[in-house]
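> for reference, the sequence and a predicted model appear below.
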Amino acid sequence: MKKLLLISAVILTLGFSHAVLSASTPVPKIWFSMGAISSPAGHKSWDTLFYRLDATWPEFMNHVQVVGILTQALLKISDEELAKVAARLKEKHVALGIEMLAQADDDPPGCGGGVEGYFPTYMVAALASKLKRTGAEVGYIAMDEPLWFGHYYNGKNACRSSIDNVAERVAKNLHEYLKVFPNAIIGDGEPFPSITDQPTWKDDYRHWMEAFHAKVGKELAFTNVDINWGVKNWPASVQAVARFAQDIKMPLGIIYNAGPPPASMSNQAWLDEAVRNFTQIENTLRIVPDWVVFTSWVKYPGQALTDENGLGEDYVAKTYLRSHGALPRQ
């Protein structure tokens, strides 16, 4: 793997508020998603961090502000295990982040069925209750691409909702969490270049932010960029959304991962590609986001932590932290 480039202290102004300069550049806030919970390798990471009485806390985790848990994982985790997660995060002063299927799919029938990001409101209420009774405190909520799948998506069972209706749907689900965790900070996540490929995307996104605020009663606190690495124009898309985020003063997050097979045909190939991707964004495009998200929804790496089963998602996080001088180089 190529060594990460260290940019000199001379600033080349490119119109972005976040330019990577050197290993001394402040590290963005880090969201580390736990990912798989059911597979033996995936469960081992949860066990190592949270469930064991002698659970270790890796050094890189001291630089993590939020540990993210998917809605799908919340459905599977037992109350006993969730209580251990909540207690451990509180002990280490790390916030819990819910990766949320945010759009209510209650009406009309069939709309949103099988479409990413939709979830019944009564189940959101059940998860909020589960979190509360196990002693968890939800600090952050990151929504799963509501604008894209609610408004633009035109596949099977697409709702093709107005932007205002998307906001109404997410408000219905979010209010179930906010009843219990009123101080939760809410952010968006959307796919790019899919969003920037829309001719009216800037006006649409401004409308989305206004509608969200009106319906939910909170402002969007950040937007995470989920990049389709297999599309050639993704660098231009990231540059466009970075400029837009600066213009509207919106904190920007970028998900640092890699494409699924066949783009990556092994665990190591996926991890190396993820490192190349964040290196290109920060050292070539010279964009450093406010938030960095480490996560995967595909076959690789299959576990959060490196162990005898192989390298985990932490490999990318630790490589990133070393590039910023937050961890010693090996």
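Looks like it arrived, so ask away.

> quick one, helices of the stretch 51-200 of the chain?
Secondary structure of the stretch 51-200 of the chain by DSSP state H, counting those that start in this stretch: the helices cover 71-76, 79-91, 121-133, 146-147, 163-180.

> out of the ones you listed, nearest to residue 290?
helix 146-147 (19.4 Å; CB to CB). Yep, even glycine has a C-beta here, placed from its N, CA and C like the rest.

> so which elements touch the closest one?
Helix 146-147 sits against helix 163-180, strand 185-192, helix 201-216, with contacts defined as 3 or more CB pairs under 8 Å, 6 or more residues apart in numbering; DSSP states H and E.

> could you give the mean pLDDT of that helix?
Average pLDDT, helix 146-147: 98.

> one more: stretch 200-216?
98.

> tell me which residues are up against it.
Stretch 200-216 is touched from outside by 147, 151, 163-164, 166-168, 170-171, 174-175, 178, 186, 188, 195, 198, 218-220, 244, 248, 250, with contacts defined as CB atoms under 8 Å, 6 or more residues apart in numbering.

> then stretch 100-111?
71, 112-113, 116-121, 124, 141-144, 146, 149-150, 157-159, 166, 169-170, 172-174, 177.

> tell me the strands in this structure, going along the chain?
Ranges of strands within the chain are 29-33, 66-70, 95-100, 103-104, 118-119, 138-143, 185-192, 223-227, 252-255, 291-294, based on DSSP state E.

> what pairs with the third one, parallel or antiparallel?
In other words, strand 95-100. Strand 95-100 pairs in its sheet with strand 66-70 (parallel), strand 138-143 (parallel), by DSSP bridges.

> equivalent analysis for the first one, please.
Looking at strand 29-33 with DSSP bridges, its paired strands and their directions are strand 66-70 (parallel), strand 291-294 (parallel).

> format those strands as CSV; extra columns: mean neighbour count, distance to residue 29 and mean pLDDT.
Converted to CSV, the strands paired with strand 29-33 look like this (neighbours: other CB atoms under 10 Å; distance: least, CB to CB, whole Å; pLDDT from 0 to 100):
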stretch, mean neighbour count, distance to residue 29, mean pLDDT
strand 66-70, 23, 7, 98
strand 291-294, 25, 5, 98
